[in-house]
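Enquirer: Here is my input; please provide its structure:
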Amino acid sequence: MPHPSIDTAAALDRYLKLTAVPGRSGEEKLVAETIVQMLVDGGLDPASIDFDDAHQRTRIPGNVGNLIVTLPGDEGLPRTMLSAHMDTVPICVGCEPIVQQDPEFGQVVRSVGDRGLGGDDRAGCAAIASAILERIRFQAANPTAKLPPVVIVFLIQEEVGLEGARHISVDKIGRVDRGFNFDGGTMEMIRHGAIGGERIDIVVTGHASHAGVAPEKGVSAITIASLAIARLHADGWLGKVERDGGVGTSNVGVIQGGDATNVVTPRLQLRAEARSHDGTFRTRIVNEMRQAFQSASEQVTDTMGRCGSIQWSSHVDYEAFALSDQHPSVQAAQAALMEMGYQPQCKVADGGLDANWLFKHGIEAVTLGCGQAAIHTVDETLRIDHFLDACSLATSFVTES
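Expert: I've put the predicted structure just below:
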């Protein structure tokens, strides 16, 4: 598909440069500086650029806040927000992007060696940076054109729980009439909602004893955790959960503990999660998990009658949301994609998105893809035709009324 409205070579070059910049969650400063330099070199007024202090409130230390760019326009037109996240997962640090020919998709970008590509979400960042620069170029050629007012946010720490969106300084954003969050996936997909998720930390405490001499004098934290997990599995509260009309998922993903085979393990740390599109049902899943661990801790005793105990903490990562098919963000995305020749598909995502927290802050956005595939793996690719279409799509949102 042709891309008459954008400089395709410049857009691809921006992506190749951005995806090679290291920037795992909490270490996005160099990425932000690279984006700022690209925009200023392209003619953006530095006064349009700001940062918030979200990194001072996130759960992990950060070296920079969310990068915010504000572009004035005709206030009679819808005020538009574009967003993408700057961080990548650790496997993408050290990415060396190369352009290759793929027999199915034509030209794609991959990374050399055993590194992930980082298209999630440097492709979104590059698409939005390209849209800003295309708007500057368009405005120079059409000084009397009416353009919508725009706010752009390059978010931090998406990969560790949507922390940048969670702690965004809303007062720096202002009114948003329609929002478009560019993240992973194919171009035709419009995610107009997303599931809610809750993370759980569990500490199981037992009593140590010599496993060969006196195992009966110990209480194994491993046994307690095993009984709890087995009960959850048997009762249908682990994995895909479909109970009493509710649907969700749960998982125990991390178990840490134990130092030696000849010691009855006195302590385990576990990390788990639960998800559902129904917040009430998600809470029920979490409660069932807690009850299973509490019950198991009381079942395992030593010869003195001592049992184990648990410490339980959980926090909501993001609440579920869904926009109406009639929402301006949904309708604008559908119309633009159809004009480009796509058959848009609206879907509520089963994973968390920055849009979850944006919605919580009163910013109602759909999430769009940029052609990324097999994200978070060494097999990740970026379809160049889809990426360039994403650049065109983002440009249309900031240049058309």
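Enquirer: Tell me where the stretch 101-250 of the chain has strands.
Expert: Counting by DSSP state E, counting those that start in this stretch, the stretch 101-250 of the chain has these strands, from start to end: 106-111, 150-155, 178-182, 189-194, 196-205, 239-243, 246-257.
Enquirer: Can you tell me which of those is nearest to residue 318?
Expert: Ranking the strands of the stretch 101-250 of the chain by their distance to residue 318 (criterion: Cβ to Cβ) puts strand 196-205 first, at 5.7 Å. No exception for glycine: its C-beta is placed from N, CA and C like everyone else's.
Enquirer: And the closest one, what does it pack against?
Expert: Under the contact definition 3 or more Cβ pairs under 8 Å, 6 or more residues apart in numbering; DSSP states H and E, strand 196-205 sits against helix 221-234, strand 267-276, helix 279-299, strand 309-318.
Enquirer: Can you tell me the strand partners of that strand and which way each runs?
Expert: On the basis of DSSP bridges, the sheet neighbours of strand 196-205 come out as strand 267-276 (antiparallel), strand 309-318 (antiparallel).
Enquirer: Poorly predicted segments of this protein, please.
Expert: In the predicted model, the chain carries pLDDT under 70 at residues 1-4, 401.
Enquirer: Now do the helices in it.
Expert: Listed in chain order, the helices of the chain (DSSP state H) span residues 8-19, 29-41, 119-141, 163-166, 221-234, 279-299, 328-339, 354-360, 384-399.
Enquirer: okay, these, which one's buried deepest?
Expert: For the helices of the chain, the stretch with the most neighbours on average is helix 163-166, a mean of 28; neighbours defined as mean count of other Cβ atoms under 10 Å.
Enquirer: Just grab the bridge partners of residue 210 for me.
Expert: residue 263.
Enquirer: Leaving out chain neighbours, which residue sits closest to residue 222?
Expert: For residue 222, the nearest residue in space outside its immediate sequence neighbours is residue 265; the separation is 4.9 Å by Cβ to Cβ, 6 or more residues apart in numbering.
Enquirer: what about that neighbour, how many neighbours?
Expert: Using other Cβ atoms under 10 Å as the criterion, residue 265 is surrounded by 23 other residues.
Enquirer: list the contacts for it?
Expert: Applying Cβ atoms under 8 Å, 6 or more residues apart in numbering, one finds that residue 265 lies in contact with 206, 208, 220, 221, 222, 257, 258, 259.
Enquirer: Then residue 72?
Expert: Residue 72 sits next to residue 149 when contact means Cβ under 8 Å, 6+ apart.
Enquirer: closest to residue 380 out of the strands of the stretch 101-250 of the chain?
Expert: strand 106-111 (7.1 Å).
Enquirer: roughly how far out does the closest one sit from the chain middle?
Expert: Computed by Cα atoms, centre = their mean, to the nearest Å, the chain-centroid distance of strand 106-111 equals 23 Å.
Enquirer: Tell me the buried residues in it?
Expert: 108, 109, 110, 111 (16 or more other Cβ atoms under 10 Å).
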